[in-house]
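Novice: from the sequence below, what's the structure:
(one chain, ligands or ions: 2)
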Amino acid sequence: MQIINDEYYMGLALDMAERAQGQTDINPVVGCVVVKDGAVVGVGTHLKRGTGHAEVHALNMAGDAAEGSTAYVTLEPCSHFGKTPPCAQRLIKEKVKRVVVACEDPNPQVAGTGFEMLRQAGIEVVTGVLRERALKLNEKFIKYITTGFPYITLKTATTLDGKIATRTGDSKWISNEKAREIVHTLRHRHQGIMVGVDTVIADNPELTTRLSVEGISPTRIVVDSTLRIPLDSKLVQDGLARTIVVTTDEADTAKDAALTASGVTVVRCGTGPRVNLSAAMKKLGELEIGSVLLEGGGRLNGSMLEARLVDRVQLFLAPTIVGGIGTAGSFTFDGVEKMSEAIRLTELEVEMVGTDNISVSGVPVW
Ligand code: AOF
Ligand code: ZN
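Specialist: Residues are numbered from 1 along each chain as shown. Ligands and ions are numbered 1, 2, ... in the order given. Alright, predicted model coming up:
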């Protein structure tokens, strides 16, 4: 039996928020549970940008029972007029007695003012309940709202000797079916999916979300310095999701026009021979893409790491060895000279995926 306390109800609010990952656009995922006299009287989750916040749904459900209740919210209630009115005002209006929060809202328009508004109205506010879990859940939102840059997850699958293909280029399949299914969950949970143009030329991929249950397909982003993307590739033709091609200022204008006519958004970033990746990420942020799943190849992965633009590395490791002299790895860049200069991951999470793959996830230290 679990003891009923603040963590118990906050756990429920976080569980609900967790299930809404991938569907709230640039907004955070938020859950709310309203409890009165030891009974849950209202629950709510923010489901879609532009629609009601978690607190609003939960308070609507609670009705008159909201008066004198405790509201558990996974994120500091908002204090501003965005696409919807401030939740802090609504909690005050419904005469909620106590508000328990997991973590503060780093949105500069909120950032503590939600707490202040509630306290000034005489409401008891407790914060920090299951805080770490709440921060992790909204790590993408937190990065985007505080920096304007999208949160980048670099995903790769390799053999035990770190290869992403055999010496002939064969790569189907490296990871097991369960790992590949997790990749589709990752796609669903990011707003963009990014690859280099060589991947498009070699594989003509669809880059959509195909799960055993339905999922949302992210915007497809191709880094392509000289606009080599074939006009007949699936990403240009299939219309299954939005496609953005990131290129340089010098890239061919006729090809740009042809792509644009096919419905592709062409974004120019950088005057040199290659795309300025940092400027490109900033531009994607301006286009309201708050998170990107980076799916290679090795050169783009390497360049993104060199530019320190990666927020999380998600590696699936298979128990196979394929050898090959100079065959492709996951992270192709000039490399460091000394071990002490290596890119190091912290906050490591390691787990088995099915019977024979290993998932390694971590946060690079920059
Ligand atoms: C809450 N509860 O459920 C959510 C919050 O444009 P809007 O009106 O949807 O506001 C978006 C901002 O509100 C978002 O950036 C974040 O600061 C906060 N989200 N706040 O009290 C919620 N989704
Ligand atoms: Zn709100």
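
Novice: helices of the stretch 151-300 of the chain, residue ranges please.
Specialist: Assigned helices in the stretch 151-300 of the chain, in chain order: 177-188, 197-203, 234-237, 253-261, 277-286, 298-306 (criterion: DSSP state H, counting those that start in this stretch).

Novice: out of the ones you listed, which gets nearest to ligand 2?
Specialist: For those, proximity to ligand 2 was assessed by Cβ to the ion; helix 277-286 is nearest, at 22.1 Å. Just so you know, the C-beta spots here come from the backbone N, C-alpha and C atoms, and that holds for glycine as well.

Novice: pull the closest one out as CSV, backbone CA atoms only.
Specialist: What follows is helix 277-286 as a C-alpha-only set of coordinates in CSV (Å, rounded to 0.1, in the frame of the first residue of the first chain):
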residue,chain,number,x,y,z
LEU,A,277,24.6,24.8,-37.6
SER,A,278,24.3,27.2,-34.7
ALA,A,279,22.5,29.8,-36.8
ALA,A,280,20.4,27.0,-38.2
MET,A,281,19.3,25.8,-34.8
LYS,A,282,18.4,29.4,-33.8
LYS,A,283,16.4,29.7,-37.0
LEU,A,284,14.5,26.4,-36.3
GLY,A,285,13.7,27.9,-32.8
GLU,A,286,12.3,31.0,-34.5
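
Novice: residues in contact with it?
Specialist: Residues from elsewhere that reach helix 277-286 (Cβ atoms under 8 Å, 6 or more residues apart in numbering): 144, 147-150, 152, 192, 221, 223, 244, 246, 267, 269-270, 292, 303-304, 307, 309.

Novice: surely Ser303 and Phe333 touch.
Specialist: Yes. The pair formed by Ser303 and Phe333 meets the contact definition of Cβ atoms under 8 Å, at 6.5 Å.

Novice: which of those two has more residues huddled nearby?
Specialist: Ser303 (18 against 15; other Cβ atoms under 10 Å).

Novice: tell me the contacts of that one?
Specialist: Going by Cβ under 8 Å, 6+ apart, the list of residues near Ser303 reads 277, 333.

Novice: again, 6 Å this time
Specialist: Under the criterion of Cβ atoms under 6 Å, 6 or more residues apart in numbering, the contact list for Ser303 reads Leu277.

Novice: what is the burial count for Val183?
Specialist: Here the neighbour count serves as a burial measure; for Val183 (other Cβ under 10 Å) it reads 20.
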